[in-house]
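Trainee: Structure, please.
(one chain, ligands or ions: 1)
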Amino acid sequence: MPGKRHGTVAVLGAGQCGRMTAQRLAESDVYQRIVLTDIIPGLAEGIALDLNQSRAITGFETTVEGHRMRTGGDCACISDAQIVVIAAGVVSSAQEPGRTSRMVGELCAQIALHSPEAVIVVLSNPVDALTALARAVTGFPAHRVLGQSVLLDSARFADFTATLLGVPRSAVQLTMVGSHAHDSTMIPLLSGATVYGVPLTSLLSEEDQATLTAAVRRGGADVMKLLGTGSSFYAASAATARMVRAIHDDDGTVLPVCAYVDGEYGVHDVFLGVPALLGRSGVRRVVQLPLSPGEQAALATAAEVMRARQRQCIEQWKE
Ligand SMILES: NC(=O)c1ccc[n+]([C@@H]2O[C@H](COP(=O)([O-])OP(=O)(O)OC[C@H]3O[C@@H](n4cnc5c(N)ncnc54)[C@H](O)[C@@H]3O)[C@@H](O)[C@H]2O)c1
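Mentor: A predicted model of the protein is given here:
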């Protein structure tokens, strides 16, 4: 359909998450072009070739381009991108935490150079800290930098709850806020959660609520343990592609994302998982949900912890 597709999305990193995100974006058939990059010779080009050859069968016209990037090298291939997804990962990041910061910092400098008007969606971990780093390096307005974190966590909570109660996932309305770390800074807003409009707290015992919360907090780790290598990529790419689509469509979609918060929820100057109205300019505004006093206190504590982690990440990049 002429005129149906528009815009270029660049996905940096063609590993499990990056390639799956590229596939989901391409198959949605609303973008003109997806640009996929990786530092491994041939990887992004090979995936692009393969994806393009699936077009006649799956039925999409979006073009996928693959490009090799050199570490610290130029990234002119992303020049026309309106949205840039950072899905690059460093294998030994646990041993060398500064390596991921430096790698993402280098990518962000390239984004600022070649796509100065883009909206950045960070997927790479630690996502909350790297989202703050992306903003610091690019100097972009904060609303144009966001991260994929609590959308996936909210989806995990909905899935586990629906399974426990034997209802469809769509019946469960629950928002996770805070961080994407596997600890108490990842907070389910149980006070406002509903199933078919019925308060979740009236359907589940406190013990069940605690069990579900713990399962969501270790959700990513459980997937990794079973896979043996690598991390979640089906759900992570689904969440990322959903965010990109909301930005592209500019249709007033509200999703839980890692966004810059300065005043909302009584919290200042930190990237935090919160519901946000998304659009072409990124985060159009943070949406404030009513919180219980316990949730408000937990979020304030999470914000302090996250601010410290984000500052540390930015310091590591500067070293
Ligand atoms: N936020 C989330 O919810 C979430 C969920 C899952 C994974 N992740 C994170 O996403 C990242 C990617 O995960 P994955 O499973 O795809 O990892 P992966 O190891 O499969 O892929 C990472 C890819 O990045 C490439 N890369 C490294 N440096 C690059 C650079 N400078 N430019 C372009 N590409 C580069 C690597 O060559 C590799 O192909 C990791 O940091 C992971 O922890 C986040």
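
Trainee: Pull the number of nearby residues for the residue in the stretch 151-300 of the chain positioned nearest to the ligand.
Mentor: Across the stretch 151-300 of the chain, no residue is closer to the ligand than residue 236, which sits at 3.4 Å (CB to the nearest ligand atom). Bear in mind the C-beta positions are built from the backbone N, C-alpha and C, glycine included. By other CB atoms under 10 Å, the residues close to residue 236 number 24.

Trainee: show me the contacts for it.
Mentor: 17, 20, 123, 148, 152 (CB atoms under 8 Å, 6 or more residues apart in numbering).

Trainee: Repeat that for residue 24.
Mentor: Residues in contact with residue 24 (CB under 8 Å, 6+ apart) are 237-238, 241.

Trainee: Now it: which helix or strand?
Mentor: Element membership for residue 24 (DSSP states H and E) is helix 16-28.

Trainee: returning to what we had before: what angle sits between whichever strand or helix holds the residue of the stretch 151-300 of the chain closest to the ligand and helix 16-28?
Mentor: Using DSSP H and E, residue 236 falls within helix 234-249. Interaxial angle of helix 234-249 relative to helix 16-28 (axes from the mean of the first three to the mean of the last three CA atoms, to 10 degrees): 50 degrees.

Trainee: can you count the residues close to the closest residue in space to residue 180 that isn't next to it in sequence?
Mentor: Once flanking residues are discounted, residue 180 sits nearest to residue 149: 3.5 Å by CB to CB, 6 or more residues apart in numbering. Using other CB under 10 Å, residue 149 is surrounded by 30 other residues.

Trainee: State the pLDDT value of residue 149.
Mentor: Looking at residue 149, its pLDDT reads 96.

Trainee: is it fair to say residue 201 lies in a helix?
Mentor: Yes: membership of residue 201 in a helix is supported by DSSP: H, G, I helix; E, B strand; the rest coil.

Trainee: Surely it touches residue 192?
Mentor: No: using CB atoms under 8 Å, residue 201 is not in contact with residue 192; the gap is 9.6 Å.

Trainee: Please verify my assumption that residue 274 contacts residue 257.
Mentor: Yes: with contact defined as CB under 8 Å, residue 274 reaches residue 257; the gap is 7.5 Å.
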